[in-house]
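Colleague: okay, here's the prediction I keep looking at, along with the sequence it came from:
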Amino acid sequence: MANSPAAPIMLELVDESGTTIGTAEKLSAHMPPGRLHRAFSVFLFDDTGRLLLQQRALEKYHSPGVWSNTCCGHPYPGEPPFAAAARRVGEELGVSPFSMREAGTVRYNHPDPVSGLVEQEFNHLFAGLVRDELRPDPEEIAETVFATPEELEKRHAQDTFSAWFMTVLDAARPAIRAVTGDSAGW
């Protein structure tokens, strides 16, 4: 019996206020000029206030090998963004986020200079803690590192980061300060 092809991954298309207006297949939503769709970005910290960064797996079709926030992705149609973020943290990192909270939303349009794909996203932001030992999925993540703000600044100057990284980090900073107690200087 032959394997059936995998079902296409569908995303929620949204309007400028984040209201769902339809669905689209994942790759087609990212083709230029991009279609505005729902996404999420997660920022998890250890108990000392260091941010967990991930280097995306080299085999990924979109933004391979670049550094980015702890986890990002897209809710399935009808899936609440918070549930999608927690699900994806488990799938990618093999842990459950601790004390994760909403950190706002941000809308952006970032073309990926390498792949030519476009991140046209209405992004739900989340911040929390991670306390369990990481078990990264090698098909998703090449490497992980915890970084202080100073270490992140040095790494950002020397390594390639995702096109969306600074946009989502800056938008999430008020909630990040609440999670870390601002003792880490975020």
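Modeller: Looks like it arrived, so ask away.
Colleague: where do the helices sit along this protein?
Modeller: Here the chain has its helices, by DSSP state H, at 26-30, 81-93, 149-158, 165-180.
Colleague: using a markdown table, lay out those together with mean neighbour count, distance to Leu58 and mean pLDDT.
Modeller: Where you see a C-beta, it was placed from the backbone N, CA and C, and this is true even at glycine. Converted to a markdown table, these look like this (neighbours: other Cβ atoms under 10 Å; distance: least, Cβ to Cβ, whole Å; pLDDT from 0 to 100):
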| stretch | mean neighbour count | distance to Leu58 | mean pLDDT |
| --- | --- | --- | --- |
| helix 26-30 | 18 | 19 | 95 |
| helix 81-93 | 19 | 15 | 97 |
| helix 149-158 | 12 | 18 | 96 |
| helix 165-180 | 19 | 18 | 93 |
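Colleague: for Thr105, find the nearest of the ones you listed.
Modeller: The stretch from the helices of the chain with the least distance to Thr105 (Cβ to Cβ) is helix 165-180; that distance is 7.8 Å.
Colleague: of all the helices of the chain, which lies closest to Leu51?
Modeller: Put simply, out of the helices of the chain the one that sits nearest Leu51 is helix 149-158, at 6.3 Å, with distance taken as Cβ to Cβ.
Colleague: show me where pLDDT drops low in this protein?
Modeller: Residue ranges of the chain with pLDDT under 70: 1-5, 183.
Colleague: tell me which residue is most central in it.
Modeller: Nearest to the geometric centre of the chain sits Cys72, at 1.7 Å (Cα atoms, centre = their mean).
Colleague: contacts only, for it.
Modeller: 39-42, 88, 123, 162, 164, 168 (Cβ atoms under 8 Å, 6 or more residues apart in numbering).
Colleague: and those residues, which is closest to Pro136?
Modeller: Of all those, the one with the least separation from Pro136 (Cβ to Cβ) is Arg88, at 12.5 Å.
Colleague: can I assume that closest one is in contact with Val42?
Modeller: Yes. Arg88 is in contact with Val42 according to Cβ atoms under 8 Å; the separation is 7.5 Å.
Colleague: and for those two, which residues touch both?
Modeller: Any residue near both Arg88 and Val42 by Cβ under 8 Å, 6+ apart counts here, and that gives 71-72.
Colleague: out of the helices of the chain, which gets nearest to Leu52?
Modeller: Nearest to Leu52, of all the helices of the chain, is helix 81-93, at 7.9 Å by Cβ to Cβ.
Colleague: contacts for the closest one?
Modeller: Helix 81-93 is contacted by residues 38, 40, 42, 44, 52, 54, 70-76, 79, 95-97, 100, 102, 124, 126, 130, 134-137, 140-141, 144 when judged by Cβ under 8 Å, 6+ apart.
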